[in-house]
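>>> Provided below for reference: sequence and predicted model.
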Amino acid sequence: MIRRTSKSSLFDLHDPALKISSNHDLSNKTSMKMSAVAAIHAEVDSPFALKKVLRAVKQEEVPTFILGGGKNTLFATSYFDGVVITMGRNFAARELHSENTIRVGAALQLPTLIKFAHECGLMGLEFLTMVPGTVGGALACNAGAGGEGLCDFVERVWVMARDGMIYSCGKDDFTYEYRHSSLRDFVIMEVELKLRPLNVQEAERKADEFRAKKTNQPYHIPSSGCIFKNPTDPKTGLSVSAGKLIDDCDLKNYSIRSAQVSQGHANFIVNNGNSSGEDFLALISLVRDIVQHRTGIEMELEVQIVGGPLNGVVLA
Ligand SMILES: Cc1cc2nc3c(=O)[nH]c(=O)nc-3n(C[C@H](O)[C@H](O)[C@H](O)COP(=O)(O)OP(=O)(O)OC[C@H]3O[C@@H](n4cnc5c(N)ncnc54)[C@H](O)[C@@H]3O)c2cc1C
C-alpha cells in the first residue's frame, strides 16, 4: 500500500478555494463516528478547485471519494489510502429561482433545505424531516421516505464529471430508483428543485407524520441510518422491511465489540464506543448471512462502504 502523505505532490496549494491536509482524521466526518484516517482530504470551495482536484486524481489514478455529510457512509478500513473530497460553504448557496423552483448547492444541509423552501412559500420536501445529510448526498442516494425521494423533485442538476467537464442535466438525463441515482457517477454541484405552494398546516401535519415514524430510530447514538435496503421477497414479489427481517432473526442487540444492532430499529447499527470499519463490516456480513440463511432473502446494502471486501463505491 502506498501512503500518500505528500500533499504538494498532487495539488497546487496556492488556491484559497482549496484546502488540502494529509493524514486527515475522519472520525468527526461520519455520523457513525468511526475511527478512520484519509491519506489526503481536499476541501474544495469553487468549481475551479474541484476541477483541479478531479483532474489531478484522475491523472494519478488515486482512489477518490466524495463525502457529503457522512450520514450514510462507512469507511471499511481505518486508513483510506486516497483522497476524500468535501465541498465548502460556497457550494451551500440557495435562491428562489422562479415562482415554484428553488436552486440550491450540493453542500446545503437537508434541514436547511426544508426551512428555506418554507421561507420561499414552497413545500413538498417534508418527507425529508429528520433525514440528516446534504443535498448532494441525498441526490446521490435518492434519499427519502414513504415512497418519495429527492430525485422526484429535480428540474435541472449541474454536475462535474471526473475529467472536470461540467454538465447541466434535465430530469430526463439521469435515472434513479429506490435509494440510488445515476448522478452518483458525477460530482453533484447544484440543483433546481420544483416544489408546490406552501400550505402551512399541511406541511406541519406531514412533518409530524414523518417524525412520528422515526421514534424508534436511534437518533442520539452514532449510526449511519439504514444499513440495508428493504428487499423484495422472491416468493411474493413484495417489498419487506429489512428491519423486521433482522428482528425476526433475533439479531437486535447483537454486537461485535462496540458495533451493535440497534435495540430500537434493527436495520440500524450503532457505535457504542470506538468501533472500527472492520467491526462494522464483520457485523454487517454476519447479519446479512444469517438473514439469508434463515429466510432465503438476500439484502442489499443501502449504506455506502468505502473500500473493503463488501462493496467498493470509490469514484476514481
Ligand atoms: C439517524 C439517521 C436517519 C436517517 N434516515 C434516513 C431516511 O429516512 N431516509 C433516507 O433515505 N436516508 C436516511 N438516512 C441516511 C442519510 O441521511 C441519507 O442517505 C443522506 O442523503 C446522506 O447524505 P450525506 O450528505 O450525509 O451523504 P454521504 O453519507 O456523505 O454520502 C452518501 C453517498 O453520496 C455520495 N455523495 C455525497 N455528496 C455527493 C455529491 N456532491 N456528488 C456526488 N455524490 C455525492 C457519496 O459519495 C456517497 O456515495 C439516515 C441517516 C441517519 C444517520
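Sure thing, it's come through.

>>> alpha carbons only for contacts and neighbour counts from here, please
Fine.

>>> around the ligand, which positions in the protein sit nearby?
Residues of the chain lying close to the ligand by C-alpha under 6 Å from any ligand atom are 31, 65-73, 106, 131-134, 136-138, 140-141, 143-145, 184, 186-189, 219, 223-225, 304.

>>> okay, now the domains of the protein?
18-89, 92-213, 228-300 (automatic domain parsing).

>>> just the element for Ile20, please.
strand 18-25 (DSSP states H and E).

>>> next, the angle strand 18-25 makes with the following helix or strand past that strand.
Using DSSP H and E, the helix or strand that follows strand 18-25 towards the C-terminus is strand 37-44. Here strand 37-44 runs at an angle of 160 degrees relative to strand 18-25 (axes from the mean of the first three to the mean of the last three C-alpha atoms, to 10 degrees).

>>> strand 37-44 pairs with which strands, and in what direction?
The sheet places strand 37-44 alongside strand 18-25 (antiparallel), strand 79-87 (parallel), with pairing taken from DSSP bridges.

>>> now render the ones you listed as a markdown table, adding mean neighbour count and mean pLDDT.
Below are the strands paired with strand 37-44 laid out as a markdown table (neighbours: other C-alpha atoms under 10 Å; pLDDT from 0 to 100):
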| stretch | mean neighbour count | mean pLDDT |
| --- | --- | --- |
| strand 18-25 | 19 | 95 |
| strand 79-87 | 23 | 95 |
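
>>> now tabulate those in JSON lines and tack on distance to Gly149.
Listed next are the strands paired with strand 37-44 as JSON lines, based on distance: least, C-alpha to C-alpha, whole Å:
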{"stretch": "strand 18-25", "distance to Gly149": "32"}
{"stretch": "strand 79-87", "distance to Gly149": "22"}
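
>>> ok, which of the ones you listed comes nearest Asn271?
strand 18-25 (17.2 Å; C-alpha to C-alpha).

>>> now that closest one - C-alpha only, CSV.
The C-alpha coordinates for strand 18-25 follow below in CSV (Å, rounded to 0.1, in the frame of the first residue of the first chain):
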residue,chain,number,x,y,z
LEU,A,18,-8.7,24.6,-2.0
LYS,A,19,-7.7,23.3,1.5
ILE,A,20,-5.5,20.2,1.5
SER,A,21,-4.5,18.2,4.5
SER,A,22,-2.8,14.9,4.8
ASN,A,23,-3.4,12.0,7.2
HIS,A,24,-6.8,13.6,7.9
ASP,A,25,-8.9,12.3,10.8
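
>>> start to end distance for stretch 234-243?
End-to-end distance for stretch 234-243: 17 Å, by C-alpha to C-alpha, to the nearest Å.

>>> now for the biggest helix by length in the chain, which elements pack on it?
Ranked by residue count, the top helix of the chain under DSSP state H comes out as helix 277-295. With contacts taken as 3 or more C-alpha pairs under 8 Å, 6 or more residues apart in numbering; DSSP states H and E, helix 277-295 sits against helix 242-248, strand 255-256, strand 259-261.

>>> the helix or strand just after that helix: partners in the sheet, and parallel or antiparallel?
Note on helix 277-295: by DSSP H and E, the next helix or strand toward the C-terminus is strand 304-306. Strand partners for strand 304-306, identified by DSSP bridges, are recorded as strand 73-75 (parallel).
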